[in-house]
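Engineer: Next input, structure requested:
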Amino acid sequence: MNSAINDPVFPQIAQALEPLVMTRLFQAVLLSLSGDVLTSQKVIKSCEIKNKRHKPGKSFVLSYDLILLDNQAGEKSERVIGARLCKSGCGLTELQEERAKYNKNTGLVSPVIYLPELEMLVWLFPNDRKLIHLVQILNVDNLLAHFTPMLLLLDCGSSSKVTDVQTEVLHYLPERSCMVRYIISVEVPGQSKIIQKIVYGKNYRDNRGGEVFSIMKQLANQLPKCATPLAYDANTRTLWQSHINGIPLEWSDLETGRSSRLLFSMATCLAAFQKCRIETSESYGFKEIDEQLFDTVQAAKPQDKLLAEQISDWVALLISLRDEISWPSNVAFPLHQDLHLGNFMMEGDNACLIDLDSVCLGNPLADIGSLVSYFYRNGLQAGRDIDYVDNIVAVFLEHFENAVSWRVCRSQLSWFIAAALIHEVIRRLLRQRHEQGLKHLNSYFDLSKRFGQAIVKDGQHA
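Structural biologist: Just a heads-up that it's a prediction; the model follows:
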């Protein structure tokens with residue numbers, strides 16, 4: 001496919017994705033800031049572009065990870081910058097609107113910086129356009145008092161005292177969310193040593209965290225292993241939760257002798273999750289999937305018109321194929337809605353789910369279709385052929401079918417997999433401009449068609 005982006009609303013995209021151009025611009029910006037730690041002795045040694053999110057004709061958001069080198073001291077440091085492109089010719093207008101909106105919401109002067117060369121708005125982390133409370137939850141002085149009420153929930157006595165808090169940013173998505181790990185030092189009366197507790201805080205752009213907190217409380221009472229929600233602070237839009245042991249699953253783990261055991265654990269973990277009962281107004285079904293399928297067509301247009309036309313034709317056929325399948329009514333199982341490998345936390349061969357931000361109700365096979373699509377995404381990007389991934393998928397599905405008490409309809413599952421390869425894999429790769437993944441777009445498209453053909457075959461043998 002054509003890797004260039006032809007979005008007339010954002011003609012500066014190519015420059016924004018050029019590290020040398022951005023290094024020059026950011027060097028000038030940082031040097032001009034009064035009181036910044038950067039001095040004439042510090043230079044930007046590298047500029048890595050991350051977290052690209054493109055909605056053609058609407059927005060282009062990304063972030064940059066800078067490595068700074070102090071030539072005098074020989075020390076390196078890091079700096080993260082969040083950025084948003086303005087529509088062509090609208091830079092100064094959008095800058096004024098942003099400053100006015102920030103002042104209205106906070107009563108403070110906006111920390112936004114404007115790069116006229118690219119009509120780009122930038123924020124130096126932890127400043128962020130929508131995460132307006134992020135600075136507060138990274139301020140150690142504020143945190144000492146903030147964590148004190150949580151000590152009882154962390155199995156510390158009522159007379160315990162927080163003496164120190166260390167922060168580590170784990171995952172930052174500009175304008176969306178930021179996950180921070182806190183190592184809390186606690187002084188317990190009657191003990192001569194300081195104990196440490198680990199807490200995680202997730203900062204949101206809106207009040208979504210309140211709903212997530214409610215769902216996590218419900219799941220914590222039903223699942224054998226789940227992060228404990230500690231509190232939700234509506235004032236800072238931050239959800240606090242406990243630490244759970246384990247490490248996130250990676251594709252390489254599925255290429256070891258443990259593969260079948262890990263797939264079994266994933267399947268049984270999902271089956272247990274789907275048995276849970278939760279109350280929420282959030283749901284996910286065909287209406288939302290169709291919107292995402294059509295969004296994929298729009299995401300492809302600025303980059304490859306032929307591909308966009310092919311996807312459009314296939315989406316229309318997928319929707320018509322869906323009408324030939326018999327579907328259950330009022331299916332309301334818990335859906336995780338973000339089932340990539342990294343959201344399975346592994347302790348030995350035992351799996352549990354993390355990152356419950358998108359949990360809602362719907363058809364459980366929608367989650368399975370999404371996970372299967374990620375098996376193919378990860379496998380192909382790791383250099384494995386489709387037959388290799390097919391085997392992993394087959395083993396997982398066998399374990400899943402054995403773990404659930406209901407019959408898995410293969411026609412329904414094939415449809416969800418075919419759709420997920422479009423709206424989960426291809427759409428996200430196009431929006432995020434994932435260079436490695438974009439090389440396999442045609443393979444993902446062909447796989448979607450293969451599963452679409454399986455719908456017809458499965459229907460004939462139903």
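
Engineer: could you point out where the chain is predicted with low confidence?
Structural biologist: Flagging of the chain using pLDDT under 70 yields the residue ranges 1-4, 34-41, 457-462.

Engineer: any idea which helix or strand carries the residue of it positioned farthest from its centre?
Structural biologist: Here the chain reaches farthest from its C-alpha mean at residue 190, the gap being 43.2 Å by Cα atoms, centre = their mean. Residue 190 is located outside every helix and strand, with elements delineated by DSSP states H and E.

Engineer: can you give me the strands in the stretch 251-400 of the chain?
Structural biologist: Along the stretch 251-400 of the chain, the segments classed as strands by DSSP state E, counting those that start in this stretch run 283-284, 333-335, 344-347, 350-353, 360-362.

Engineer: ranges for the strands of the stretch 1-150 of the chain?
Structural biologist: 42-55, 59-70, 76-85, 113-115, 120-124.

Engineer: mind checking which of the strands of the stretch 251-400 of the chain is nearest residue 237?
Structural biologist: Relative to residue 237, the nearest member of these by Cβ to Cβ is strand 360-362, separated by 19.7 Å. Where C-beta positions appear, they are placed from N, C-alpha and C, glycine not excepted.

Engineer: Sheet partners, orientation included, of that closest one?
Structural biologist: When pairing is defined by DSSP bridges, strand 360-362 lines up against strand 283-284 (parallel), strand 333-335 (antiparallel).

Engineer: Those strands: which one's closest to residue 239?
Structural biologist: Of all those, it is strand 333-335 that lies closest to residue 239, at 18.2 Å by Cβ to Cβ.

Engineer: Relative to residue 79, how far out is residue 72?
Structural biologist: As judged by Cβ to Cβ, to the nearest Å, residue 72 and residue 79 stand 18 Å apart.

Engineer: more crowded one of these two?
Structural biologist: residue 79 (19 against 10; other Cβ atoms under 10 Å).

Engineer: In contact with that one, which residues?
Structural biologist: 30, 65-66, 68, 124-125 (Cβ atoms under 8 Å, 6 or more residues apart in numbering).

Engineer: Could you chop this protein up by domain?
Structural biologist: 13-124, 136-242, 247-460 (automatic domain parsing).

Engineer: In CSV: the ones you listed, plus distance to residue 5.
Structural biologist: Shown next, in CSV, are these (distance: least, Cβ to Cβ, whole Å):
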stretch, distance to residue 5
domain 13-124, 5
domain 136-242, 19
domain 247-460, 5
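
Engineer: so of the ones you listed, which one's packed in deepest?
Structural biologist: Comparing those on average neighbours per residue, with mean count of other Cβ atoms under 10 Å, the densest one is domain 247-460 at a mean of 18.

Engineer: can you pull out the helices in the chain?
Structural biologist: With helices called from DSSP state H, the chain shows them at 13-16, 19-32, 91-106, 140-146, 208-220, 259-275, 286-300, 305-322, 364-381, 386-403, 410-420, 427-432, 435-438, 441-460.

Engineer: What distance do you get for residue 258 to residue 249?
Structural biologist: Distance, residue 258 to residue 249, by Cβ to Cβ: 11 Å.

Engineer: again with residue 261
Structural biologist: Residue 261 is 12 Å from residue 249, where distance means Cβ to Cβ.

Engineer: picking that back up, would you mind measuring from the residue farthest from the centre of the chain to residue 155?
Structural biologist: 15 Å.

Engineer: Check residue 351 too.
Structural biologist: Distance of residue 351 to residue 155, computed by Cβ to Cβ: 25 Å.

Engineer: what's the answer for residue 426, then?
Structural biologist: From residue 426 across to residue 155, the span is 46 Å (Cβ to Cβ).

Engineer: Same check on residue 362?
Structural biologist: In this view, residue 362 and residue 155 are 36 Å apart by Cβ to Cβ.

Engineer: I'd like the contacts of residue 79 written out as TSV, with distance to residue 301 added.
Structural biologist: TSV is the format used below for these (distance: Cβ to Cβ, whole Å):
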residue	distance to residue 301
30	36
65	30
66	32
68	38
124	34
125	32
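
Engineer: Among the residues you listed, find me the one that's closest to residue 23.
Structural biologist: For these, the minimum distance to residue 23 (Cβ to Cβ) is 8.0 Å, reached by residue 66.

Engineer: Surely that closest one and residue 82 touch.
Structural biologist: No. Counting by Cβ atoms under 8 Å, residue 66 sits too far from residue 82 to count as a contact (11.9 Å).

Engineer: ok, now which ones touch the nearest residue to residue 67 once chain neighbours are set aside?
Structural biologist: In space, and not counting its chain neighbours, residue 67 is closest to residue 46: 4.4 Å by Cβ to Cβ, 6 or more residues apart in numbering. By Cβ under 8 Å, 6+ apart, the residues touching residue 46 are 19, 23, 66-67.

Engineer: if I pick residue 195, what's in contact with it?
Structural biologist: 156, 185-186, 188 are the contacts of residue 195 under Cβ under 8 Å, 6+ apart.

Engineer: try residue 54
Structural biologist: 5, 7, 13, 60, 299, 302, 430-433.

Engineer: what's the answer for residue 293, then?
Structural biologist: 315, 318-319, 419, 422-423.

Engineer: ok, back up a step: now the strands of the stretch 251-400 of the chain as CSV including distance to residue 97?
Structural biologist: Putting the strands of the stretch 251-400 of the chain into CSV (distance: least, Cβ to Cβ, whole Å) gives the following:
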stretch, distance to residue 97
strand 283-284, 33
strand 333-335, 36
strand 344-347, 41
strand 350-353, 39
strand 360-362, 33
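
Engineer: Looking at those strands, spot the one closest to residue 402.
Structural biologist: Evaluated over the strands of the stretch 251-400 of the chain, closeness to residue 402 peaks at strand 350-353, with 15.7 Å, by Cβ to Cβ.

Engineer: Which elements pack onto the closest one?
Structural biologist: helix 259-275, strand 344-347 (3 or more Cβ pairs under 8 Å, 6 or more residues apart in numbering; DSSP states H and E).

Engineer: Nearest to residue 453, out of these?
Structural biologist: Residue 453 lies closest to helix 259-275 among the helices and strands packed on strand 350-353, at 25.0 Å (Cβ to Cβ).

Engineer: Any chance you could list what contacts the closest one?
Structural biologist: By Cβ under 8 Å, 6+ apart, the residues outside helix 259-275 that reach it are 219, 222-224, 249, 253-254, 333-334, 336, 339, 344, 346, 349-353, 364, 367-368, 371, 392, 395-396, 399-400, 402-404.

Engineer: how about 7 Å then?
Structural biologist: Helix 259-275 has contacts (Cβ atoms under 7 Å, 6 or more residues apart in numbering) with 223, 249, 253-254, 333-334, 336, 344, 346, 349-353, 364, 367, 392, 395-396, 399-400, 403-404.

Engineer: do the same with stretch 423-431
Structural biologist: For stretch 423-431, the surrounding residues in contact (Cβ under 7 Å, 6+ apart) are 53-55, 289, 292-293, 295-296, 299-300, 303, 370, 373, 377, 437-438, 441, 444-445.
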